[in-house]
Structures are given as structure tokens and as C-alpha cells.
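Asks: Sequence unavailable; structure follows:
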């Protein structure tokens, strides 16, 4: 979950939550619009960057792993524990690459160290550790991860359009502070494009380490890209060698293929078609310009804002909801889609990993125009699969063949 102070966006599940009681059409030209734009930048990242397309791949692969445990290994009791060595390593890699899950409000960098972590199965990866002192004189060791690049990039674009926005230093200003510590020129555009370039790899931390070791301080986009990626040999975890171009192509093609498989059932094909379309749009964005998202803020502020809204109209968003749990759909091509299905997919992801009996979608379903809530919503969720007009989470339980889980 990519969280900001007043909202969040959930990678791979394509929905946004805003911490407001207003409906979406009421926040345009208000201070809440800043948060909405920040979260939408995360969706653009989700569809057009190698790093986030790999997150999508990892999430789909995790669902496949759960299915295997339930159907092939006959594990029925939740939480479902993965047993395959490859699936466990995939989970460890995913968790490690994400980075820390905490905010540091105000802090200065005293030093930066480069370390190594053994993820198991012979996988050694590099760390950036920031040695911080916060405004209460506490000393903190902060590990940089994918979250820092995602949040820093979204914040820099948001802060360019809304200069008064203030968020905690880490993870929202991590990369800017690293550049300042190293004496490298920075601006909203320079910081956001360095984040975007680093996120154009599976491992943005290692990409930044390479950049910092090579940079001569020239901040033209092609030079930044060259500093990060020229003459770099990429070694797979199995020891084989792959080029940057090959790994990019594989990230886009594999994630698209896996999503098509995820949404192949007729019950969810409408949303599957939409995701297929936006992932194709995202690949086109990346092929047109290596810092496509950051280039939004090479325009003046009002023009940049207009460009973002043009993108919103083009890509759509399956569901945006507020603290009143009112879902609002932005996509003229999805008028017949059940937008709760993506919320339910994320809910099922959590459901198979814990022991509760009911799902957490009741408040959303109460706001729906459909009759989704009944007495079974408050007891055993599996009972929802036994009635006509399945609830959204029961649609996924049925599609994945999870009916026997307890």
C-alpha cells in the first residue's frame, strides 16, 4: 500500500482512498485535489515502470501460489502458508525491496552506508542505509526501498503543482535529501526523474547506488540515464545474464500476460479488459519517453495540472472512495463493471493470510446500488458463495476455487 497522509493507493489493485468526506467531484480546485493527484501519480507509476510492473507480477504469482497450496497441496486452513521454496523467496524479495513501512517526520542525514543482505537461496542484494538524527535527537538507521522512490517522485510532482504541500521527510523526501547530502543539484524535476529512472529497473536501490558512484553532477535526462544504466551487466538470481532492454521487455510482457490470466474468467472480464488496456498504454508511455511521468512538470503549474487530468480521462480509475466508503468510478468505458471486484481482490489477498471469518467490505457494499449485504456478511464469508447474486469477494473465491478454505 502506497500511503500518504490524506489517502493511499494500492499497487496492482488500481484503487485510491481519500481521507475526506467529500465526493470526488467536490474536491476539484480544493486542497484535497493535491492528495488525489499524488495518488493518481502512483497509478501512472503502476502501469508504466519496470519496478511496479514487477510488483504486479509478484502479486499475481502470489495468488497462484495460494491456489497451489489450496488445490494441489490440499491446505484448507487459513492462514495459508506457502511451502514452495521459490514462492517463499519471492515473498522475501518482495518484502525486502519495498523497504521500511514507517514515516520519519523531520531528520537530517549524518552518513550513508552501503551494505548487503542475504535473502536466502544465494541471493545477495545491496542496501542503502541512512544514518539519521531526528528533531528530537533520536538516532535512526533507515533502509531505503522501493517505497521511497515511489513516494518521493509522487511528492515532487504534487509539490510542484501545489508548492505549499508538506509531508514527512522520509519516505517523501528521501531521494532529495540523499542528493543534497551528496552535493548534487536538485529540483522537483531533477529529483522526480532520478526516481523515475531508478524505478525503471527491478531494483531501484541498486540503480541509485550505481548512479551515485558514477555521476559527475550533470542533470540532463540522457546523462542521468547513462550514469545509471550504461555498460551494466544484469545478472538474474539463477546466475544467467540479461540486458537492460531484455529485462524491460520481459517485465512488461510477463505482467500483461499474468494479468490476462488473472482476469480470464467471464465474471471479471470487463475489468480485465480495462487493465489490459491501461497496461498497454503504460508500456507505450515508457517507450515514448524514459521519464514520461516526470515530464509533466516541465510545463507551468496549471498546464501540468491539465495534463494530469487528461491522463485521468484517458486511463480512468476503477474506483476512488472516501472515508464515507462511497465508491466513485472514473472511466467511461467501465460503466457496467463491478468496481467492487478490485477491492474484493485485495481483500481476498488478505483473507487467505489471516483467520477472520468475515471480510471488511461491508461498508463499501452498503453504499452500493446492488444488494450485496446480507446476514452472512457478518459471519462466515464462505456462506456468501451459497446464495444467488454473489458478493464481490465470493466471486473471487469461486473463480480461484477457494470454496473449501476454512
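Replies: Received, thanks. As the structure is a computational prediction, the values presented were derived from the model and not from experiment.

Asks: mind listing what residue 83 touches?
Replies: Neighbour list for residue 83: 69, 73 [criterion: C-beta atoms under 8 Å, 6 or more residues apart in numbering]. Just so you know, the C-beta spots here come from the backbone N, C-alpha and C atoms, and that holds for glycine as well.

Asks: Give me the secondary structure label for it.
Replies: Recorded secondary structure, residue 83: coil (DSSP: H, G, I helix; E, B strand; the rest coil).

Asks: need the strands for the chain, in chain order.
Replies: Using DSSP state E, the strands of the chain run over residues 2-4, 7-10, 15-18, 107-120, 123-134, 139-143, 234-235, 241-242, 317-321, 327-330.

Asks: Quick one: closest of those to residue 46.
Replies: Closest of those to residue 46 is strand 7-10, at 7.8 Å (criterion: C-beta to C-beta).

Asks: Give the partner strands of that closest one in its sheet and their orientations.
Replies: Strand pairing for strand 7-10, determined by DSSP bridges: strand 2-4 (antiparallel), strand 15-18 (antiparallel).

Asks: what's next to that strand, contact-wise?
Replies: Contact partners of strand 7-10, identified using C-beta under 8 Å, 6+ apart, comprise 1-2, 15-19, 35-36, 38-40, 42-43, 46, 346.

Asks: For the residues you listed, pick the one with the most neighbours.
Replies: Greatest neighbour count in those, by other C-beta atoms under 10 Å, goes to residue 38: 28 neighbours.

Asks: My read is that that residue contacts residue 154, right?
Replies: Yes. Here residue 38 reaches residue 154: they are 4.9 Å apart, a contact under C-beta atoms under 8 Å.

Asks: Is residue 45 in contact with residue 293, as I believe?
Replies: Yes. With contact defined as C-beta under 8 Å, residue 45 reaches residue 293; the gap is 6.8 Å.

Asks: Going by distance to residue 178, which of the contacts of strand 7-10 wins?
Replies: residue 2 (19.5 Å).

Asks: State the number of residues packed around residue 206.
Replies: Residue 206 has 20 nearby residues by other C-beta under 10 Å.

Asks: looking at the strands paired with strand 7-10, which has the lowest confidence?
Replies: Note on the strands paired with strand 7-10: strand 2-4 shows the lowest mean pLDDT, a mean of 57.

Asks: Please list all residues in contact with the closest residue in space to residue 162 that isn't next to it in sequence.
Replies: Nearest-residue entry for residue 162: residue 34, 4.2 Å, with adjacent residues in sequence omitted and distances by C-beta to C-beta, 6 or more residues apart in numbering. Residue 34 sits next to 158, 161, 162, 165 when contact means C-beta under 8 Å, 6+ apart.

Asks: I'd like the distance between the first one and residue 316.
Replies: It stands for residue 158. For residue 158, the distance to residue 316 equals 20 Å [C-beta to C-beta, to the nearest Å].

Asks: For the two, indicate the residue with more neighbours.
Replies: residue 158 (27 against 18).

Asks: wait, what's in contact with that one?
Replies: For residue 158, the contacting residues are 34, 37, 38, 41, 165, by C-beta under 8 Å, 6+ apart.

Asks: For those residues, which two are the farthest from each other?
Replies: 41 and 165 (12.6 Å).

Asks: Just want to know which of these two has more residues nearby.
Replies: residue 41 (26 against 18).

Asks: Okay, now the unreliable bits of this structure?
Replies: For the chain, the stretches flagged by pLDDT under 70 are 1-5, 120, 237.

Asks: at 80 instead, please
Replies: 1-6, 100-101, 119-123, 234-239, 332-336, 369-370, 388-390 (pLDDT under 80).

Asks: Just list the residues touching residue 125, thanks.
Replies: By C-beta under 8 Å, 6+ apart, the contact set of residue 125 is 96, 97, 116, 117, 119, 203, 205, 206.

Asks: Now with 7 Å, please.
Replies: The contact partners of residue 125, taken as C-beta atoms under 7 Å, 6 or more residues apart in numbering, are 96, 116, 117, 119, 203.

Asks: Which of those sits closest to residue 72?
Replies: residue 119 (25.5 Å).

Asks: Quick check, that closest one in contact with residue 95.
Replies: No. Between residue 119 and residue 95 there is no contact, the gap being 9.3 Å when judged by C-beta atoms under 7 Å.

Asks: Would you point out the most distant pair within the contacts of residue 34?
Replies: Top of the distance list for the contacts of residue 34 (C-beta to C-beta): 161 and 165, 8.7 Å.

Asks: measure the nearest residue to residue 174 once chain neighbours are set aside to residue 20 for me?
Replies: Among residues not flanking residue 174 along the chain, residue 148 sits closest, at 3.9 Å (C-beta to C-beta, 6+ apart). To residue 20, residue 148 is 26 Å away according to C-beta to C-beta.

Asks: Looking at the two, which has the bigger crowd around it?
Replies: More neighbours surround residue 148 than the other of residue 148 and residue 20, with 29 against 19 (other C-beta under 10 Å).

Asks: before we move on, the earlier item: mind putting the strands of the chain into TSV with distance to residue 356?
Replies: Below are the strands of the chain laid out as TSV (distance: least, C-beta to C-beta, whole Å):
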stretch	distance to residue 356
strand 2-4	22
strand 7-10	19
strand 15-18	20
strand 107-120	30
strand 123-134	33
strand 139-143	31
strand 234-235	41
strand 241-242	42
strand 317-321	21
strand 327-330	22
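
Asks: Mind checking the ones you listed for the one nearest to residue 341?
Replies: strand 317-321 (8.3 Å).

Asks: starting at the chain centroid, how far to the closest one?
Replies: Centroid displacement of strand 317-321 relative to its chain, using C-alpha atoms, centre = their mean, to the nearest Å, is 15 Å.

Asks: So what touches stretch 250-258?
Replies: Contacts of stretch 250-258 (C-beta under 7 Å, 6+ apart): 50, 53, 54, 56, 57, 60, 276, 279, 283.

Asks: got the buried residues for it?
Replies: By neighbour count with 16 or more other C-beta atoms under 10 Å, stretch 250-258 contains the buried residues 250, 251, 252, 254, 255, 256, 258.

Asks: Next one: the fourth one from residue 273, what distance?
Replies: Applying C-beta to C-beta, one obtains 19 Å for the distance of residue 254 from residue 273.

Asks: what's the burial count for residue 296?
Replies: Every residue meeting other C-beta under 10 Å relative to residue 296 is counted, giving 24.
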